[in-house]
Structures are given as structure tokens and as C-alpha cells.
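Chemist: Have a look at this prediction, sequence included:
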Amino acid sequence: MKIAVLPGDGIGPEVTREAVRVIEALGLPDIEMKEAPVGGAAYKAYGHPLPPETLEIASLSDGILFGAVGDPDCDSLERHLRPEQAILGLRKALTLFANLRPAKVFAGLESHSALRPEVAGAIDMVIVRELNGDVYFGEKGFRTAANGDREGYDVMSYSESEVRRIAHVAFRTAMGRARRLCSVDKANVLETSQLWRDVVIEVAKEYPEVALEHMYVDNAAMQLVRAPGKFDVVLTGNLFGDILSDQASMCVGSIGLLASASLGERQTAHGTFGLYEPIHGSAPDIAGQGLANPMATILSAAMLLRHSLGLASQADRVEAAVAKTLADGVLGRDLGGTAGTTEIGDAVLARL
Ligand SMILES: NC(=O)c1ccc[n+]([C@@H]2O[C@H](COP(=O)([O-])OP(=O)(O)OC[C@H]3O[C@@H](n4cnc5c(N)ncnc54)[C@H](O)[C@@H]3O)[C@@H](O)[C@H]2O)c1
Ligand SMILES: CC(C)[C@H](C(=O)O)[C@@H](O)C(=O)O
Ligand SMILES: [Mg+2]
């Protein structure tokens, strides 16, 4: 079983190292991990954020463990050379259109949420974010208006097949949970969202046991803080999902806790091919200081074991060790504690 390890930039390598140590400590036979450069690190070494060799290693693997990309040194490069294009390019090239971002409060961490403990304690949701379309991948550019004004533009669109395939993922996810699905859009203003809503309603007919509701994204942002416990599965587009998942992370307690799986339809001998990464970025403000919380990446590795390698009991083992570590009060600075990146990794290893 092959895992491609793409650490990336900033805290990416620091948090990925801990997740790799956890996978190694499981002592599984037949696991082969291969590291490849990506992001600003790859640009600086090879002139491209996603070198062809890296894409090949990624596509020949059963699952990809991804750290984070993003480097302030690269922020003025042409867009196609920026580090972020590596993750966007991987998602698109490998047709990883379904991004699952679970958000659940860990026992004992209720009081570490940005919300009141009794509000936070009820959080147990999965955000299903579409990853291959929306304003992210539409035509974009700069132009000059008739009056000489500079304009920037990014075209937002979704096709019905794109909405249909992500809607099926969300309904199936809901079927495996509490059977409640909230589709988040901005259909009161955007035609892209109207089509989104129409198609979700069509797909819903195939899942009569799932209770479907629709919510405008501005209201969803508010409800996520007011009563996050009411959400089970949240289905949304690429841009809204990006924003709402960062918000959900602080409802749970820290962005350093939220993992993700990006899946497509390709099956390998072991499971569904996918890419696994924390939802956070390269955090240049704390990079290189041993302060990053590696839990989100360790939990992403657990998702890789479950979805791509068919090793559900090993995934459970890692998740239980993370939960025990947090319950024992081993917390990074992001959660008001003092534990560093390696110390948190050591604590998880000790509880496997
Ligand atoms: N998938 C990705 O690779 C990804 C995701 C988001 C942002 N980015 C990139 O990362 C760079 C920085 O972006 P940003 O600052 O907006 O977002 P960020 O997620 O990197 O950081 C936001 C804040 O959260 C903190 N933080 C993030 N992860 C943490 C962790 N594991 N432990 C403790 N604290 C953590 C950071 O210190 C920072 O204060 C940008 O270049 C951005 O494009 C990449
Ligand atoms: C780095 C960026 C392209 C990325 C996104 O917007 O999808 C990130 O914010 C994420 O959440 O994975
Ligand atoms: Mg994001």
C-alpha cells in the first residue's frame, strides 16, 4: 500500500512529520511512504509548485498525505506559479471533488471552544464541500473597463453534473449518520446557487429517508455559531465550504484540530483513492518554532487509513489515541496549553 507524503511549506513539514511517525508506529506490514516536494518549496527547488514527478507519485499512490502550502515569498508570483496552485492542481487533476471536513467537539475540550461549552458540546457535523468547481476554477483575470478602471474578475459557475455528484456524496454521508442534510447556498442572489438548489432537490428524491433543508450561506454562518449542534451533514460549494469550515474549526476549539479527506470516484485495491490534509494552511506566523498543533494532520492520516487503505480499526486506534491525548490535557498553544508539535506527537504515540 503506497502513501504519497507531500509536506509542503511552513508548518506543513512539521505537522506531517508527526502524522508519519504515527503511521510508522502502527507497525503495519506493506506500507510504503514516498515523500515528494510541493508548494513554495517545490517552486524554489524546481520552478513549479506541482512538479510532474510529484503529480505522478501522488497519482500512483493509494492515498496522499498532504501538509500545507503557502509562502509569503511567493505571494507576488504569477498566479499559476503560486504554492496554492499545487493543492488546487492536485484536487482538479486527480478529480478529488468531494471534500469531507468532520467537525466534532472532543470530550473534555468543550470549554476550549470559542462558543459557550453547552453550545459547543453538541457539535458533531460533517461539512461536504465541493472541490472541483465554483468561482475557484472559472475564468479569471484582470481587465480595463471603458472608463479606464482596472477590474479583476472570477467567474462563478456549477454544472448540474458537478452538483449531482457531490449531492450524492452528501446524501450517502447523511444516510450513514443522523440523516439530516443542510444544503448551503446563496440562491436568493446567485444563479449558480439556484441551479445548485434545484439539482439538490432532484437528487433528494433518491434519498427519501434524509431530511433536507436549504439555508442561505449568511444565515448558515450565523447558525453555526448560534446552534451548531443542529447540523448533521452540511453540503456546500467550494468557496462557502472553505469559509464555513474554518469557522467550524473555532466552534470546535482550534483550526489545528480539523482534518479532511478529498475523495473522487477512483477505487484502488484497498479503498477509495484520496488526498488527506488538515484544513489549515502553512501558518507562516508560527512556522519553524515547533508550535503547530499536529492533531489535524494526524486525524487526516486516520481518515487515509479508513477511506483509502481499508484499515478502519487502525483509523479508530489513531482517533482514540488523539481523543485520549486531548482528554489528558496535552494541549498546544492554540488550545491554551504549552505542548509543542513533537510533544503532542509523542503523547499520541504513547497512547496508541
Ligand atoms: N490546504 C492548504 O495548503 C492551505 C489551507 C489554508 C491556507 N493555505 C495557505 O497558508 C498560508 C497562510 O494562510 P492563513 O494564515 O490565512 O491560514 P492558516 O490556516 O495557515 O493560519 C491561520 C491562523 O491559524 C493558525 N494555525 C493554523 N494552523 C495551525 C496549527 N496546526 N496549530 C496552531 N495554529 C495554527 C496560524 O498560526 C494563523 O494564526 C497562505 O499562503 C494560504 O494560502 C494553505
Ligand atoms: C489554500 C487554498 C487554495 C485552500 C482552499 O481555498 O481550498 C485552503 O484554504 C483550504 O481550505 O484547503
Ligand atoms: Mg481554507
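Modeler: That came in fine, so what should we check first? Residues are numbered from 1 along each chain as shown. Ligands and ions are numbered 1, 2, ... in the order given.

Chemist: Could you find the residue in the stretch 101-250 of the chain that comes nearest to ligand 2?
Modeler: When you check the stretch 101-250 of the chain against ligand 2 by Cβ to the nearest ligand atom, the closest residue turns out to be Asp242, at 4.3 Å. Glycine gets a C-beta too; all of them are placed from N, C-alpha and C.

Chemist: what's that residue in contact with, if anything?
Modeler: The contact partners of Asp242, by Cβ atoms under 8 Å, 6 or more residues apart in numbering, come to Arg129.

Chemist: Where does the residue nearest to Glu202 when sequence neighbours are not counted fall, secondary structure wise?
Modeler: If the residues on either side of it in the chain are set aside, Glu202 comes closest to Arg164, at 7.7 Å by Cβ to Cβ, 6 or more residues apart in numbering. Per DSSP states H and E: Arg164 is located in helix 160-175.

Chemist: what does that helix rub up against?
Modeler: The set of residues external to helix 160-175 that reach it, using Cβ under 8 Å, 6+ apart, is 97-98, 100, 126, 128, 130, 132-133, 180-181, 183, 195-196, 199-200, 202-204, 206-207, 209-210, 232-233, 235, 263, 265.

Chemist: count of neighbours near the residue of the stretch 51-200 of the chain found nearest ligand 2?
Modeler: In the stretch 51-200 of the chain, no residue comes nearer to ligand 2 than Glu84, which is 4.2 Å away by Cβ to the nearest ligand atom. Residues lying near Glu84 (other Cβ atoms under 10 Å) number 20.

Chemist: Look up how far Ser313 lies from it.
Modeler: Noted for Glu84: a distance of 35 Å to Ser313, by Cβ to Cβ, to the nearest Å.

Chemist: now Ser262
Modeler: Note on Ser262: its distance to Ser313, by Cβ to Cβ, is 23 Å.

Chemist: Same question for Val210.
Modeler: Here the distance between Val210 and Ser313 works out to 28 Å (Cβ to Cβ).

Chemist: now do Ser76
Modeler: Taking Cβ to Cβ as the measure, Ser76 falls 48 Å from Ser313.

Chemist: Quick one: check stretch 23-38 for contact with ligand 2.
Modeler: No - in terms of Cβ under 6 Å from any ligand atom, no part of stretch 23-38 sits within range of ligand 2; the closest distance is 11.9 Å.

Chemist: What are the buried residues along stretch 132-141?
Modeler: Neighbour-count burial for stretch 132-141 flags 132-137 (criterion: 16 or more other Cβ atoms under 10 Å).

Chemist: Leu311 contacts Leu305, correct?
Modeler: Yes - taking Cβ atoms under 8 Å as the contact criterion, Leu311 and Leu305 are neighbours in contact, 4.3 Å apart.

Chemist: quick revisit: mind pulling up the pLDDT for the residue of the stretch 51-200 of the chain closest to ligand 2?
Modeler: At Glu84 the predicted local confidence, pLDDT, stands at 98.

Chemist: dump the residue contacts of it.
Modeler: Taking Cβ under 8 Å, 6+ apart as the definition of contact, the neighbours of Glu84 are 39, 49, 69-70.

Chemist: Distance of it relative to Cys251?
Modeler: Here the distance between Glu84 and Cys251 works out to 25 Å (Cβ to Cβ).

Chemist: what do you get for Met156?
Modeler: For Met156, the distance to Cys251 under the criterion Cβ to Cβ works out to 26 Å.

Chemist: Val210 and Ser313: which has the busier surroundings?
Modeler: In terms of neighbours (other Cβ under 10 Å), Val210 is the more surrounded of Val210 and Ser313; the figures are 21 against 8.

Chemist: Confirm for me that that one is in contact with Ser183.
Modeler: No - counting by Cβ under 8 Å, Val210 does not reach Ser183; the two are 10.8 Å apart.

Chemist: and the closest residue to ligand 1 within the stretch 201-350 of the chain, how many neighbours does it have?
Modeler: At 2.3 Å from ligand 1, Gly281 is the closest residue in the stretch 201-350 of the chain, using Cβ to the nearest ligand atom. Gly281 is surrounded by 21 other residues when neighbours are defined as other Cβ under 10 Å.

Chemist: Quick check: it touching Gly67?
Modeler: No - with contact defined as Cβ under 8 Å, Gly281 does not reach Gly67; the gap is 9.8 Å.

Chemist: Report the mean confidence score over stretch 113-133.
Modeler: Here stretch 113-133 scores 97 as its mean pLDDT.

Chemist: Buried residues of it, list them for me.
Modeler: Applying a neighbour-count criterion of 16+ other Cβ under 10 Å, the buried positions in stretch 113-133 are 113, 115, 119-121, 123-133.

Chemist: Can I get it in CSV? Just the C-alpha atoms.
Modeler: These are the backbone C-alpha positions of stretch 113-133, laid out as CSV (Å, rounded to 0.1, in the frame of the first residue of the first chain):
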residue,chain,number,x,y,z
SER,A,113,-14.4,26.3,22.1
ALA,A,114,-14.9,29.9,21.1
LEU,A,115,-18.5,29.2,22.0
ARG,A,116,-20.1,28.5,25.3
PRO,A,117,-19.4,25.0,26.5
GLU,A,118,-23.1,23.9,26.4
VAL,A,119,-23.4,25.1,22.8
ALA,A,120,-20.0,23.6,21.7
GLY,A,121,-20.7,20.3,23.4
ALA,A,122,-23.4,19.4,20.8
ILE,A,123,-21.2,19.8,17.7
ASP,A,124,-21.0,16.7,15.6
MET,A,125,-21.2,17.5,11.9
VAL,A,126,-19.5,16.8,8.6
ILE,A,127,-19.1,19.5,6.0
VAL,A,128,-19.2,18.1,2.5
ARG,A,129,-17.5,20.7,0.3
GLU,A,130,-17.5,20.5,-3.5
LEU,A,131,-13.8,20.9,-4.6
ASN,A,132,-13.5,20.9,-8.3
GLY,A,133,-15.8,23.8,-9.4
